[in-house]
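A.B. asks: sequence first, predicted model second:
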Amino acid sequence: MIAPMLLMVFYSLKEYPEGKTFIQLLTSDFTIKNYVDAFKSDRFDIYFFNSILVASIVTASNLLFCLMVGYALARWKSLASKIIFSSVIAVLFIPSHVIMIPLYRLMVELGWINSYLALTVPWMVTPFGIFLVRQYILNLPTDIEDAARTDGASEWQVLFTIVAPLAKPILFVLGIYTFLSNWNSFLFPFLFTNEEAFRTLPVGLAFYLGKQSIDWGHLFAGAAISGLPIIILFIIFQKQIIRGLTSGALKE
């Protein structure tokens, strides 16, 4: 797992690695020229900002909407609730590539091509997030919620002051998963944008792949820049991620 990342960093610190053998690369000097060029010659600052903005908006929206829907489906016992939840599960079986053309046509008709709306709105709530939160809330005791309602608390107060704090572990996992998925997303940002001002990092990196040759030095430098925030994020929050994934795995 570590070897590809080390190789990526190694190549990114070498000048013109595509024209040298591995032995020549080992004996050549290290340089940060590829990183400097990536920021100067290309609009990597814009790509980086777009990735941060899009991933943050989608993550925050998923945390809010998946919590609301998951709570409603977990506590609302009715036939309609079961039908809605079944439809959510059914959507999980549909590959994203199936909706590629219909979704693109919808973005065109709405006039959202080359806009942040196309990069965020379709993914503000996901069936996986709803399923994850709903299953977690089902295992939470309802005694505190009932006591709050007895004291006059509204459903919104119960949700955000009682359920949300208890569901922090799974919300944290959902947030990390959503952020990672959108940070690394390529297909739909590539389809929905054809202007540099709205490209994300994965889309920007794709333009280093030429028809005749590949600019390996700048490509690996860009990949290292793209992967660094995710690596730092995991190093800082790895305990919370593992705790959230394993929470509820064992029942007494």
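C.D. replies: Cool, got the structure.
A.B. asks: enumerate every residue touching the closest residue to residue 125 other than its chain neighbours.
C.D. replies: Among residues not flanking residue 125 along the chain, residue 65 sits closest, at 4.0 Å (Cβ to Cβ, 6 or more residues apart in numbering). From N, CA and C alone the C-beta is placed, and that goes for glycine too. By Cβ atoms under 8 Å, 6 or more residues apart in numbering, the contact list for residue 65 reads 124, 125, 129.
A.B. asks: name the member of these with the most neighbours.
C.D. replies: Highest neighbour count within the contacts of residue 65: residue 129, with 28 neighbours (other Cβ atoms under 10 Å).
A.B. asks: got the contact list for that one?
C.D. replies: Here residue 129 is in contact with 62, 65, 66, 70, 174, 178 (Cβ under 8 Å, 6+ apart).
A.B. asks: what do you get if the cut-off is 10 Å, keeping everything else the same?
C.D. replies: 59, 61-63, 65-67, 69-70, 88, 123, 170-171, 173-175, 177-178 (Cβ atoms under 10 Å, 6 or more residues apart in numbering).
A.B. asks: nearest spatial neighbour of it, chain-adjacent residues omitted?
C.D. replies: Closest to residue 129 by Cβ to Cβ, 6+ apart is residue 66, at 3.6 Å.
A.B. asks: tell me how far residue 163 lies from residue 131.
C.D. replies: Going from residue 163 to residue 131 by Cβ to Cβ, to the nearest Å gives 17 Å.
A.B. asks: tell me which of those two has more neighbours.
C.D. replies: A count of neighbours by other Cβ under 10 Å puts residue 163 above the other of residue 163 and residue 131, at 23 against 19.
A.B. asks: which of the helices or strands spans the residue nearest to that one when sequence neighbours are not counted?
C.D. replies: Once flanking residues are discounted, residue 163 sits nearest to residue 71: 5.7 Å by Cβ to Cβ, 6+ apart. Residue 71 belongs to helix 44-75 when assigned by DSSP states H and E.
A.B. asks: cool, and residue 83?
C.D. replies: helix 79-92.
A.B. asks: so how far is that helix from its chain's centroid?
C.D. replies: 24 Å (Cα atoms, centre = their mean, to the nearest Å).
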